[in-house]
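**Q** give me a model of this one.
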Amino acid sequence: MSEFVLYIANKCFSSWSLRPWVAMRHLDIPFREEFVRLRRPETAANLAKISPTGQVPVLLHNGRIIWETLAILEYLNDLFPEKRLWPANIEARALARSVATEMHSGFRELRYGWPMNLRRPKAHKAMQGEGDDNRRRIEAIWRECRERYGQGGPFLFGHFTAADAMYAPVVTRFDTYGGDLEPDIRAYVDAVLDTPAMRHWYAEAAKEPWPEPGPHEQD
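**A** Next up is the predicted model:
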């Protein structure tokens, strides 16, 4: 199969880049990584060369351009059904797609209030109003998936799926800002963070030489 090329941005804070990257890395789908640095005067011009939306991630394969994270994950599922990016059970699969799509389109206040920043020291940051509603909804999603379909492993549906990839950046936020988490939430956060793929992402983020974002930057 022809080589996959995945365009991503800064590992320290590019949450959308993390999602397909961690799925491909965790599921041993080989790809070549290409990088576009964000927050630079030349960023828009560089993104315009490879992305129809001017955003990352973008996957190139066999002359095809696939953008938008869920579209990339669905494309990979079509090519690699044996990787089980979605649960086999139709009810579990419907739930997985629902919560993945909810993540794709929602939780705006939490994402802005708890920006992904892997340089930031861990410290509790309370959420208010809609942001706290977002936090409680995410915890409810994780609990429902784990209680209904998570018996076979430590992830939302037992084995690692596209739903886990979609929530991976939120896992980093809960770890950074969430303080003392409830035991079941902490167990899921730790399970994702302990994957070799996530550990590798964190290690590479720590080596990025650029100053942005600083360790205490909030956006």
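
**Q** so the residue nearest to S15 when sequence neighbours are not counted, which state does it fall into?
**A** What sits nearest to S15 in space, not counting adjacent residues and going by Cβ to Cβ, 6 or more residues apart in numbering, is P169, at 3.4 Å. The way it works is simple: take the backbone N, C-alpha and C, and place the C-beta from them, glycine included. Counting by DSSP: H, G, I helix; E, B strand; the rest coil, the backbone at P169 sits in helix.

**Q** tell me who's in contact with P169.
**A** 15-16, 18-19, 116 (Cβ atoms under 8 Å, 6 or more residues apart in numbering).

**Q** how about the residues you listed in a markdown table, adding pLDDT, neighbour count and distance to V36?
**A** Compiled in a markdown table, the contacts of P169 are given as follows (pLDDT from 0 to 100; neighbours: other Cβ atoms under 10 Å; distance: Cβ to Cβ, whole Å):
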| residue | pLDDT | neighbour count | distance to V36 |
| --- | --- | --- | --- |
| S15 | 95 | 17 | 15 |
| W16 | 94 | 17 | 12 |
| L18 | 97 | 28 | 14 |
| R19 | 98 | 26 | 16 |
| M116 | 95 | 23 | 17 |
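
**Q** quick one: average pLDDT of stretch 75-85?
**A** Averaging pLDDT along stretch 75-85 gives 97.

**Q** for this protein, where's the lowest mean pLDDT among helices and strands?
**A** Within the chain, no helix or strand scores below helix 43-48, which has a mean of 81 by mean pLDDT, DSSP states H and E.

**Q** quick check: buried residues in that one?
**A** Residues 46-47 are the ones in helix 43-48 that count as buried (16 or more other Cβ atoms under 10 Å).

**Q** residues making contact with that helix?
**A** With Cβ under 8 Å, 6+ apart as the contact definition, helix 43-48 has outside contacts at 36-37, 54-56.

**Q** top of those residues by number of neighbours, please.
**A** Neighbours were tallied for each of the contacts of helix 43-48 (criterion: other Cβ atoms under 10 Å), and the maximum of 24 neighbours falls on V56.

**Q** can you pull out the low-pLDDT segments for this structure?
**A** By pLDDT under 70, the low-scoring segments of the chain are 1-2, 214, 216-219.

**Q** for D175, see how far away the residue nearest to S15 is.
**A** Noted for P169: a distance of 11 Å to D175, by Cβ to Cβ, to the nearest Å.

**Q** host element of the nearest residue to Y167 once chain neighbours are set aside?
**A** What sits nearest to Y167 in space, not counting adjacent residues and going by Cβ to Cβ, 6+ apart, is M103, at 5.8 Å. Assessed by DSSP states H and E, M103 sits inside helix 90-105.

**Q** same question for N134.
**A** When secondary structure is defined by DSSP H and E, N134 falls within helix 129-149.

**Q** which secondary structure elements does that helix contact?
**A** Taking 3 or more Cβ pairs under 8 Å, 6 or more residues apart in numbering; DSSP states H and E as contact, the helices and strands that helix 129-149 lies on are helix 90-105, helix 108-113, helix 162-177, helix 183-193.

**Q** deepest of those, which one?
**A** For the helices and strands packed on helix 129-149, the stretch with the most neighbours on average is helix 162-177, a mean of 24; neighbours defined as mean count of other Cβ atoms under 10 Å.
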